[in-house]
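Chemist: sharing a model prediction with you, sequence too.
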Amino acid sequence: MPAVRGDGMRGLAVFISDIRNCKSKEAEIKRINKELANIRSKFKGDKTLDGYQKKKYVCKLLFIFLLGHDIDFGHMEAVNLLSSNKYSEKQIGYLFISVLVNTNSDLIKLIIQSIKNDLQSRNPIHVNLALQCIANIGSKDMAEAFGTEIPKLLVSGDTMDVVKQSAALCLLRLFRKSPEIIPGGEWTSRIIHLLNDPHMGVVTAATSLIDALVKKNPEEYKGCVTLAVARLSRIVTASYTDLQDYTYYFVPAPWLSVKLLRLLQNYTPPSEEPGVRGRLSECLETIFNKAQEPPKSKKVQHSNAKNAVLFEAISLIIHNDSEPNLLVRACNQLGQFLSNRETNLRYLALESMCHLATSEFSHEAVKKHQEVVILSMKMEKDVSVRQQAVDLLYAMCDKTNAEEIVQEMLAYLETADYSIREEMVLKVAILSEKYATDFTWYVDVILNLIRIAGDYVSEEVWYRVIQIVINREEVQGYAAKTVFEALQAPTCHENMVKVGGYILGEFGNLIAGDTRSSPQVQFELLHSKYHLCSAATRALLLSTYIKLVNLFPEIKNRVQEVFRADSNLRSADVELQQRASEYLQLSIVASSDVLATVLEEMPAFPERESSILAVLKKKKPGRIPDEVRESKSPLPNITPAPIINNIANTNSSSADLLGLSTPPGTNANATGNGLFDVLGDLYTTPKISPTTVQQNNIKKFLFKNNGVLFENDLIQIGVKSEFRQNLGRIGLFYGNKTQSPIQNVHPELHWNDLHKLNVQMKPMEPVLEAGAQIQQMLTAECIEDFHDTASMSVSFVYNGVPQKISMKLPLTLNKFFEPTEMNGESFFARWKNLGGEQQRAQKIFKAQGSIDLAAARTKLSGFGMQLLDGIDPNPDNFVCAGIVHTRMQQVGCLMRLEPNKQAQMFRLTVRSSKETVSQEICDLLADQF
């Protein structure tokens, strides 16, 4: 404890010395008890204690508390110290209260009154002590008591700078505890204008506060963007002598710069204000230029500060995703860090490049560093850096480099750390399927994967290869031959046996013509692995054997011997016993025709999205980069690519005119490699009627944000949308499918709930050239929960004939959900609390087809709520939790979907704190399964 005044507190120093000199725990407790008795007698018996003595004894109590002992007296004496005019006594009083006083204490009213007195003091030190105490306690009582006084202190022109700093940070602490404390209206502008304060400390504290406020209500605080850019510009263009008091190792105000750059990441690029956008670009350019300058100091603090600003600037550029030059320059700068001797810098560079790889502007620039990244994966000493290199290779992979990257990852997998093998297996499986131009290559990769890292190959991986082989006739013979060769290895992983058993059971006849892979050889090869496998794999092999009997009657007797073996017919495993018994009788009793009917070849699986990606995202939430995305804002003076070129140059598994995601199975003309022709024949003359009014099926967008909103012979309208809390941004893409221009394109919004849903539409070009596409942006704000979504009509003229389209926009209440994690205890406690008639909605409806739990799960995952696993006692039931964000309030919502497979029915129950929300969510989900 440092001396507070010249003579110090001798009694406290002696007590601490005695404690340190104790030889045992018992001696320490004895000394503490003696001191506590002495302090208690002084507080009770001596009414003449002065402030110094009270301070000394309170300090001793604090020290005893810090040693881990409970303190149940002395609180009143500490409160009395608050009224002292001496700084040292007031400081100890506030310290004791901050640490030991419970928010439910009876003394809280006295404490609040003392704090109010100090807030009104003319002494800034006393005001600061009071603000620090409020922030340390940070309770709702404090927020209610000082919710009006602290904002006044913050924006008052008479408040000293040092007090403003403390007030901003105190307000931030209370805001996190009680968001409603911040007043709106004129206060918004006054808080934002703190960014213009001449005192840098005030600006730094205010930026932290405004950043938190923006995350809660971005639209209200949108005015901070201009001021933040202006302030940032003044900092980055200043020399280190201009801001001498706030320069850290020759870097002007690095922490304020980082905070401002982080604040700007809450908004899209300021496209409405070209001046602001240009000034921000200049700031970012200047930061890059300074990064290239020779260091002004060899101290690590200098490079750390400079790099902190640089990385935050790169994060802002990635967030905006609208300036190709800056994105490429950021990539080049990060590429230099990949060879830096600092491990942390290499890690951060790889992490940032993962995000850059998902931008259409910088993807190619990232690919130039492929060799260095591969070396990082193989040679780095730190496993976290190797992990990040794997993530970057996964993100930069496309059809041009897929084979090379997959081969490098396979080669590294043999020596990779055990901690990252499972994730690498999933990534290799995803990439090999996604970019397979020849599925024989895909089969080779997956079988290699099983050979190298069989223990880490999940069921989803080998399930998927089976689905693909069964659905693609051209690869079935090759798969049978390859898996047959793989099974001949002396040691063979059990997953290889599963794949081999399934494929040879279905397509063994395709290679049976070769004497080296005759039916007898195939059977004996599989059966040689039988005794080494688990019960589940043995059950699969028994099914394979009966399929081989159907394909090759000549081996029936040998197979029947296996079925009759005691290890099967009298197996302790019920499944094995039943299969062996039933298959044996089937092979004896059934005629060849019956056998062929019962054991016919598996039909093709329905085309569906691979489940491996979902597994990967679940294992590494937030770490899996997205697909290469389009820019977040349209670029000036760039003509959209013609439609024909778009199609010709696209090889994505979900490619279409707009780069939108089209779910498998929605187009009858889907080709074998997963491409979908959403345009039809571009050279067919469309049939034109004078006026067409059509409605789209908006409910298909309940579970996704991207897709084709409307399409006919003339025009295709696609949508890509993103939502955060109560705000949404929708991009509409108009594609001309004809060879003539479409004139006078005029979209118009129609909706009734103006006071519940605010939708703004930006203007667009009236002419849509032949084979071209144009983009239009819409913004949406959910003010209150709403029922009817917005509609839009698009009128245009084609070949002199007026046309009009009417359609619903994909703006339903579930788009404003925030997923919420809950454990089982919390879920059912909340479920019980929301049991009132006005809080729940329920519907029972018939399933649309046979109940598919996997499909229902996929839909609910895209609905916006958090799908909670392991919560419901019935594993077939689905439970979800989420919060609907509106400007007026946040509404917690719980959902339970109970399938009844026997009756082919669903029961859907939704509970929330607001009746209309429960009913609307129930209406949206009903009849969707």
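Modeler: Cool, the structure landed. These numbers come from a predicted model, not from an experiment.
Chemist: quick one: list the elements packing against whichever strand or helix holds L749.
Modeler: Secondary structure assignment for L749, by DSSP states H and E: strand 742-750. Counting contacts by 3 or more CB pairs under 8 Å, 6 or more residues apart in numbering; DSSP states H and E, the secondary-structure elements packed against strand 742-750 are strand 727-736, strand 757-761, strand 791-798. C-betas here are computed from N, CA, C, even on glycine.
Chemist: mind checking which of the ones you listed is nearest L194?
Modeler: strand 727-736 (23.8 Å; CB to CB).
Chemist: now for the closest one, which elements pack on it?
Modeler: strand 715-724, strand 742-750, strand 773-782.
Chemist: could I get these as CSV with distance to V236?
Modeler: Formatted as CSV, the entries for these read as follows, by distance: least, CB to CB, whole Å:
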stretch, distance to V236
strand 715-724, 28
strand 742-750, 40
strand 773-782, 29
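Chemist: how about these in a markdown table, adding mean pLDDT?
Modeler: Formatted as a markdown table, the entries for the helices and strands packed on strand 727-736 read as follows, by pLDDT from 0 to 100:
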| stretch | mean pLDDT |
| --- | --- |
| strand 715-724 | 86 |
| strand 742-750 | 86 |
| strand 773-782 | 86 |
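Chemist: could you dump those strands into a markdown table and include distance to E474 and mean neighbour count?
Modeler: Conversion of the helices and strands packed on strand 727-736 to a markdown table gives the following (distance: least, CB to CB, whole Å; neighbours: other CB atoms under 10 Å):
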| stretch | distance to E474 | mean neighbour count |
| --- | --- | --- |
| strand 715-724 | 31 | 20 |
| strand 742-750 | 41 | 15 |
| strand 773-782 | 34 | 20 |
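Chemist: between the ones you listed, which one is closest to T148.
Modeler: Between T148 and the helices and strands packed on strand 727-736, the tightest spacing by CB to CB is seen for strand 773-782, at 27.8 Å.
Chemist: direction included, what does that closest one pair against?
Modeler: Applying DSSP bridges to the sheet, strand 773-782 is found paired with strand 727-736 (antiparallel), strand 757-761 (antiparallel).
Chemist: let me know which of these is tucked in deepest.
Modeler: Compared across those, strand 727-736 shows the largest average neighbour count, a mean of 22 (mean count of other CB atoms under 10 Å).
Chemist: CA atoms only: put that strand into PDB for me.
Modeler: Listed in PDB are the C-alpha atoms of strand 727-736, where the atom choice follows Å, rounded to 0.1, in the frame of the first residue of the first chain:
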ATOM      1  CA  LEU A 727     -32.000  -3.400 -39.900                       C
ATOM      2  CA  GLY A 728     -31.900  -5.000 -43.300                       C
ATOM      3  CA  ARG A 729     -30.300  -4.400 -46.700                       C
ATOM      4  CA  ILE A 730     -31.700  -6.000 -49.800                       C
ATOM      5  CA  GLY A 731     -30.100  -6.000 -53.200                       C
ATOM      6  CA  LEU A 732     -32.300  -6.500 -56.200                       C
ATOM      7  CA  PHE A 733     -30.700  -7.700 -59.400                       C
ATOM      8  CA  TYR A 734     -32.600  -7.100 -62.700                       C
ATOM      9  CA  GLY A 735     -31.400  -9.300 -65.600                       C
ATOM     10  CA  ASN A 736     -32.600  -8.800 -69.200                       C
END
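Chemist: what's the angle from it to strand 742-750?
Modeler: Here the directions of strand 727-736 and strand 742-750 differ by 150 degrees (axes from the mean of the first three to the mean of the last three CA atoms, to 10 degrees).
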